[in-house]
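Chemist: model this:
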Amino acid sequence: MEQFGGPEVLQVVEVPDLEPRGAHHLLRVSRAGVNYADKHVMGNSYLAPVTLPYIPGNEVVGKATDGKRFVGLTQGGGYAEQAHVHRRTSWEVPDDVTDEQAVALCLQGNSAYHLLHTVAAVQEGQTVVIPAAAGGLGSIAVQLAKGIGAKVIALASTKEKRQLAQDLGADAVVDSTSENLTEDIKEAAGGPVQVALEMTGGPTFHSIAAALAPNGRLAVYGYASGQMTDVSTKVLMERSITVSGFWLPTLFRDLKALPTSMNALFDAVRAGSLRPVLGQVYPLSEASAAHTALAARTHTGKLCLDTEG
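Modeler: Here you go, the predicted model:
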């Protein structure tokens with residue numbers, strides 16, 4: 001991308017081959033994950049500003065020069081045939097985990113794990129609201145929350161997406177586009193909820209916050225609507241609500257957090273207790289089409305790019 005904007009700013013160009021870099025694996029990329037973070041990068045609204053020209057993409061899977069497969073988090077550069085991944089934020093992929101499964105676990109799987117375990121500290125028997133429950137992160141969060149023993153209220157925008165969330169184990173589903181979202185959540189849950197995840201911003205943020213019980217916890221990890229949201233201290237105090245923000249890169253320097261979650265995710269996939277929902281795979285040359293689908297929220301599961309085709 002040589003300018004900021006929508007999907008149309010993505011263009012395929014030839015760049016020099018990458019050289020080996022200390023403390024990094026140099027991967028021949030097979031799949032690159034597509035995420036809302038990339039959308040914000042393109043629109044110049046990402047938490048970490050970037051300098052143009054820029055190659056988006058924060059997660060890849062591919063083979064290192066020794067032939068081993070690794071999945072890893074990058075700080076840009078993922079939408080390419082080659083990428084550097086730091087040894088601290090990359091993991092060898094087990095033979096019985098596919099490239100598409102691995103890339104689904106890397107950014108969105110790790111985020112779902114830490115939102116539930118680290119940020120919101122969800123406990124067995126608690127009720128948790130999960131937005132975008134048919135998307136890459138949401139579909140994993142539904143399954144992980146059920147694994148904890150929580151009651152899951154899944155939000156999704158279409159009948160088909162809500163059915164997928166139920167198939168993944170959600171106890172109840174709610175239309176995320178409802179004008180009465182707060183009351184619909186509480187009706188589905190049988191009352192106010194203890195925990196909610198939030199990634200939309202704007203009015204949706206306030207509707208979900210209003211569904212929290214006293215001492216409820218709201219874990220915020222995005223603003224897909226493009227609207228940043230202010231919250232009144234009165235709202236927080238009158239029900240003793242806790243609002244916590246989460247951004248995965250803050251865990252990069254933690255030597256235990258990401259290895260713990262990544263190993264747990266690999267183990268769950270291999271045991272069959274976690275099924276990443278795999279969405280459409282687009283050729284690298286059609287990255288703009290992948291982002292058009294992402295922006296329209298017409299997809300289900302994990303979107304990724306095939307950098308070899």
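Chemist: What's opposite residue 130 in the beta bridge?
Modeler: Assessed by DSSP bridges, residue 130 has beta-bridge partners residue 154.
Chemist: isn't it right up against residue 198?
Modeler: No - Residue 130 sits out of contact with residue 198 when judged by CB atoms under 8 Å, with a separation of 9.9 Å. C-betas here are computed from N, CA, C, even on glycine.
Chemist: Those two: who's more crowded?
Modeler: Using other CB atoms under 10 Å as the criterion, residue 130 and residue 198 rank with residue 130 on top: 32 against 26.
Chemist: Check what pLDDT that one gets.
Modeler: As predicted, residue 130 sits at a pLDDT of 98.
Chemist: show me the contacts for it.
Modeler: Residue 130 is in contact with 138, 141, 142, 145, 152, 153, 154, 155, 165, 170, 197, counting by CB atoms under 8 Å, 6 or more residues apart in numbering.
Chemist: what's the distance between residue 277 and residue 109?
Modeler: Look at residue 277 and residue 109: by CB to CB, to the nearest Å, they are 11 Å apart.
Chemist: So the two - more neighbours on which side?
Modeler: Just comparing residue 277 and residue 109: by other CB under 10 Å the higher neighbour count belongs to residue 109, 30 against 21.
Chemist: would you say the more buried one is within a helix?
Modeler: Yes - when DSSP: H, G, I helix; E, B strand; the rest coil is applied, residue 109 is found to be in a helix.
Chemist: Which of the helices or strands spans the spatially closest residue to it that is not a sequence neighbour?
Modeler: Spatial nearest neighbour of residue 109, excluding adjacent residues (CB to CB, 6 or more residues apart in numbering): residue 265 at 4.7 Å. Using DSSP states H and E, residue 265 sits within helix 257-271.
Chemist: Buried residues of whichever helix or strand comes after that helix, list them for me.
Modeler: Note on helix 257-271: by DSSP H and E, the next helix or strand toward the C-terminus is strand 278-283. Using 16 or more other CB atoms under 10 Å as the test for burial, strand 278-283 gives 278, 279, 280, 281, 282.
Chemist: quick one on the thing from earlier: from the contacts of residue 130, pick the one nearest residue 295.
Modeler: Distance to residue 295 across these (CB to CB) is lowest for residue 138, with 16.6 Å.
Chemist: which residues does the closest one contact?
Modeler: When contacts are counted by CB under 8 Å, 6+ apart, residue 138 touches 112, 130, 131, 132, 154, 156, 165.
Chemist: ok, 7 Å please
Modeler: When contacts are counted by CB atoms under 7 Å, 6 or more residues apart in numbering, residue 138 touches 130, 131, 132.
Chemist: Name the member of the residues you listed with the shortest distance to residue 218.
Modeler: Nearest to residue 218 among the contacts of residue 138, with distances taken as CB to CB, is residue 131, at 11.2 Å.
Chemist: Hmm, the closest one is touching residue 154, no?
Modeler: No - checked against CB atoms under 7 Å, the pair residue 131 and residue 154 is beyond contact range at 8.3 Å.
Chemist: Comparing these two, which residue is more hemmed in?
Modeler: More crowded of residue 131 and residue 154, by other CB under 10 Å: residue 154, with 30 against 25.
Chemist: For the more buried one, give its distance to residue 247.
Modeler: In terms of CB to CB, residue 154 sits 23 Å off from residue 247.
Chemist: same question, residue 11
Modeler: 28 Å.
Chemist: Now stretch 172-185: buried residues?
Modeler: Under 16+ other CB under 10 Å, the buried positions of stretch 172-185 are 172, 173, 174, 175, 176, 181, 182, 184, 185.
Chemist: hang on, I meant stretch 30-45
Modeler: In stretch 30-45, counting by 16+ other CB under 10 Å, buried: 30-42.
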